[in-house]
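Visitor: Show me the folded form of this:
(2 chains)
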Amino acid sequence: MSAVSTGQLEKGSTSTVETPVREKETKAEEEVDVPWQVVVHNDPVNLMTYVTMVFQRVFGYPREKAERHMLEVHQNGRSILWSGVRERAEFYVQQLHGHLLLATLEKIS
Amino acid sequence: MAISCSRPWRKSVDMEICRQADALQISDLDPFLAELLRQIPESADAEGAPEAEARLFSKPSAEKEMCAEWESYVEPELRRIFRSATQTVAADLAQLNGNEKSLRNRTLRIPLEHADAWLNTLNQARLVIATKYKFSDAELNDHDRSPTGSRRDLSLFQINFYGFLQEFILREMNGD
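Guide: Here you go, the predicted structure:
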C-alpha cells in the first residue's frame, strides 16, 4: 500500500498523494471472501462404518446425515462435506487426514 | 462373539472377542491370528514405500503453494498422530510376546481408551498393505479368499481381518 508523506500534508498539498494500488487490494479481498469447500473422495479401503464415524466426529453431524454423505462418497466418488471460510476448511481437512480419509480443499468457483 | 475362519481353509483358526466394562477382549487366540495381530505396527509402516507414504499423507489441494505449506506445517503433526497411535497399539500387543506355543489360547485386552489408536493404526495398516499390493476393488471385496495361497492372498486376508477388528471396535464404541 502507498504512503502519504507528512511533508506533503503539512503543505496542504493533497493532490500529491499517491493513488493506492486498488487492484492488489481487490484481489486480496476476493481471496478472503471466496468460500471454500471440503470434499471427501472415495477410497475402496476405508470402511463405510468408519467413514460415517469420522464424519460424525469431525463435523458433529448426526448419524443419518453422516451416512448420507458416506453413501454419496461411495456412489458418486465424492461428497462436499462443508463449505465456508478457508481457515475452517483447512482445519476440517487436517482432521480428516488425521483419520486417513482422502479429503481436499477446493475453492468454490 | 466367536469367530471361526474355517470355511475355505484346510485348518480352522478361531478366537473369541467380547466387550468388557472398560476393555475389548480377544481370547482363545489362534497363533496364526495372534501373529497377524503382532504384525499390525510393522504393517502400518509406510517407510520405503513411496506410494503408501503418499496415500497416508495425501495432498490437500491441487494448488502447489497450499501443498507446500501443508507439507511444512501439517504433515509433521499428522506423522506425530500416526506414530503415537502405532506406539499405543504396539504397547498393547506386548501382551502377545512369546513363542507360538505360549501364544496358544492367549488373551489380548484392549483398553477402551485405546480404541481410537487401534482404529487409526488398523486403518494405516490396511491402507499401506492395499497400496503396496495394488489390490483391485474386486479383490478388496473378496472376503472369502484363503490366506494360504500366496503372500498376496495372506496380505488380502490381513486387510480383511484388520477390517473386521475395526468393525468390532466401532460397533462397541457406538454401542450398537
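Visitor: distance of residue B:172 from residue A:67?
Guide: Separation of residue B:172 from residue A:67 (CB to CB, to the nearest Å): 19 Å. (Glycine included, C-beta is placed from N, CA and C.)
Visitor: The residue of chain B positioned farthest from its centre: which element?
Guide: Most distant residue from the mean C-alpha position of chain B: residue B:65, 33.6 Å away (CA atoms, centre = their mean). Using DSSP states H and E, residue B:65 sits within helix B:64-73.
Visitor: ok, now residue A:104?
Guide: Going by DSSP H and E, residue A:104 is part of strand A:103-107.
Visitor: ok, and does that strand reach over to chain B?
Guide: Yes: against chain B, strand A:103-107 shows contacts by CB under 8 Å from any CB of the partner chain at A:103-106.
Visitor: hmm, who's touching that strand?
Guide: Strand A:103-107 has contacts (CB atoms under 8 Å, 6 or more residues apart in numbering or on different chains) with A:34-41, A:81, A:86, A:89-90, A:92-93, A:96-97, B:58-62, B:66.
Visitor: Kindly recompute the last result at 6 Å.
Guide: A:34, A:36-37, A:39-40, A:89, A:93, A:96, B:60-61 (CB atoms under 6 Å, 6 or more residues apart in numbering or on different chains).
Visitor: Which of those residues fall in strands?
Guide: Here DSSP state E is the test, and those give A:36-37, A:39-40 as lying in strands.
Visitor: As CSV, these with pLDDT and neighbour count would be great.
Guide: Shown next, in CSV, are those (pLDDT from 0 to 100; neighbours: other CB atoms under 10 Å in any protein chain shown):
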residue, pLDDT, neighbour count
A:36, 95, 21
A:37, 97, 16
A:39, 98, 21
A:40, 98, 27
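Visitor: Tell me the one of the residues you listed nearest residue B:94?
Guide: residue A:40 (35.2 Å; CB to CB).
Visitor: Pop the domain breakdown of chain A in here.
Guide: A:1-32, A:34-107 (automatic domain parsing).
Visitor: The ones you listed: lowest mean pLDDT?
Guide: Sorting those by mean pLDDT places domain A:1-32 lowest, at a mean of 46.
Visitor: Where do the helices of the chain begin and end?
Guide: Defaulting to chain A. With DSSP state H as the criterion, chain A has helices at A:6-10, A:22-33, A:48-59, A:63-76, A:86-98.
Visitor: The chain in question should be chain B.
Guide: B:31-38, B:40-43, B:50-56, B:64-73, B:75-93, B:100-103, B:115-133, B:137-140, B:151-174.
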